[in-house]
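Asks: no sequence on this one, just coordinates:
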């Protein structure tokens, strides 16, 4: 499986693996929060508070 | 016959031969679905929680960076705060109007009913990615400026991105809406509210709800989302100018009053 494959390919002992994994997840969340999600949200019209002539 | 011991004895020999394969297609699809679910959950956390954290911080910084902005908190805490004398209040001539660039923050918005901590920046334009998401409240660029004849119309989020108009449903007729620019204070009073379809553009007309009438007074219109967490409709608040007055002669008395 993907998760077991990733786990077995991480370097070091269990503690090091855990730290590396946490770091990677934190970096991933940062990239998603700062760039990916804002970009996706722009194309979703679900938050528009303005009034416009064209419906 | 159905003695558990017998069943166990029959099943036991075959168990070691049926080893689970190391890679299974169903397993991988299942894992991908779990990841997709986590990603969606993360998006919801970002949209509903993180954009508020970010928005509140950014909008507070914007107000702090405006050297001329007077906050209600300062006014309430300082015992020597002066209120604007009546002879400086104007109701029927135009004030000096700012001519902001697109995205420029040119005013602040205060609502006594929403507490002394409530002060939000107003910037030029109503585009979501350029103005409303990062900067807070946005001014419809075609519309009048604070205090000017016509309709000072602004839009803002009701949920997410610092939600500047979150409590729009708590406003009463007669509540004060206070706008400050570098040059003037403009005090408006809420006259009405309604829920409309997003295409009903005449709510921001110079005379709200009457395009034919042209400019007949000094109005304010707030537009925001309705219902919460949706954009199917718009919540509209209408108000009329009480007076405007130059800055530097105290704060509007309305700013210090807590409405019941």
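Replies: Alright, I've got the coordinates. All values reported here derive from a predicted model rather than from experimental measurement.

Asks: for the rest of this, base every contact and every neighbour count on C-alpha atoms.
Replies: Will do.

Asks: up against chain B, what does chain A have?
Replies: Contact residues, chain A versus chain B (CA under 8 Å from any CA of the partner chain): A:1-3, A:33, A:37, A:42, A:45-55.

Asks: restricted to buried residues, select those residues in PyMOL.
Replies: To isolate the buried members of those in PyMOL, using 16 or more other CA atoms under 10 Å in any protein chain shown:
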select buried, chain A and resi 33+37+47+48+49+50+51
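
Asks: which one is residue B:53 nearest to, not counting chain neighbours?
Replies: Nearest residue to residue B:53 in three dimensions, chain neighbours excluded: residue B:162, at 6.8 Å (CA to CA, 6 or more residues apart in numbering or on different chains).

Asks: which strand or helix spans that neighbour?
Replies: Using DSSP states H and E, residue B:162 sits in no helix or strand.

Asks: list phi and psi for the closest residue to residue B:254 other than its chain neighbours.
Replies: Spatially, and ignoring its direct neighbours in sequence, residue B:254 is nearest to residue B:176 (6.7 Å; CA to CA, 6+ apart). Note on residue B:176: backbone dihedrals following degrees, to the nearest 10 are phi -90, psi 140.

Asks: equivalent analysis for the one 4 residues further on, please.
Replies: The phi and psi torsions at residue B:180 (degrees, to the nearest 10) take the values phi -120, psi 130.

Asks: same check on residue B:70?
Replies: With angles defined as degrees, to the nearest 10, residue B:70 shows backbone torsions of phi -100, psi 130.

Asks: just give me the neighbour total for the residue nearest to residue B:254.
Replies: When neighbours are counted by other CA atoms under 10 Å in any protein chain shown, residue B:176 registers 26.

Asks: wait, doesn't it sit right on residue B:253?
Replies: No - with contacts counted by CA atoms under 8 Å, residue B:176 stays clear of residue B:253, the gap being 10.4 Å.

Asks: the longest helix along chain B and chain A, any residue contact?
Replies: Looking across chain B with DSSP state H, the single longest helix is helix B:25-45. Yes - interface with chain A: helix B:25-45 contributes B:27, B:28, B:31, B:43 (CA under 8 Å from any CA).

Asks: contact partners for the closest residue to chain B within chain A?
Replies: Nearest residue of chain A to chain B: residue A:49, at 4.4 Å (CA to the nearest CA). Listed by CA atoms under 8 Å, 6 or more residues apart in numbering or on different chains, the contact set of residue A:49 reads B:155, B:156, B:157, B:158, B:223, B:224, B:225, B:231, B:234.

Asks: how close does the residue nearest to residue B:254 sit to residue B:240?
Replies: Counting by CA to CA, to the nearest Å, the gap from residue B:176 to residue B:240 is 10 Å.

Asks: what do these two both touch?
Replies: Between them, residue B:176 and residue B:240 share the contacting residues B:188, B:189, B:190, judged by CA under 8 Å, 6+ apart.

Asks: can I get these in CSV with secondary structure, neighbour count and distance to residue B:210?
Replies: Listed next are the shared contacts of residue B:176 and residue B:240 as CSV, based on DSSP: H, G, I helix; E, B strand; the rest coil; neighbours: other CA atoms under 10 Å in any protein chain shown; distance: CA to CA, whole Å:
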residue, secondary structure, neighbour count, distance to residue B:210
B:188, strand, 26, 19
B:189, strand, 20, 19
B:190, strand, 21, 18
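
Asks: show me which of those neighbour chain A.
Replies: Okay, of the shared contacts of residue B:176 and residue B:240, nothing touches chain A (CA under 8 Å from any CA).

Asks: quick one: pLDDT of residue 48?
Replies: Going with chain A. pLDDT for residue A:48: 78.

Asks: sorry, I should have been clearer: chain B.
Replies: pLDDT for residue B:48: 91.

Asks: confirm that residue B:179 sits in a strand.
Replies: Yes - counting by DSSP: H, G, I helix; E, B strand; the rest coil, one finds residue B:179 located in a strand.

Asks: what's the distance between it and chain A?
Replies: Counting by CA to the nearest CA, to the nearest Å, the gap from residue B:179 to chain A is 19 Å.

Asks: that concludes my questions; thank you for your assistance.
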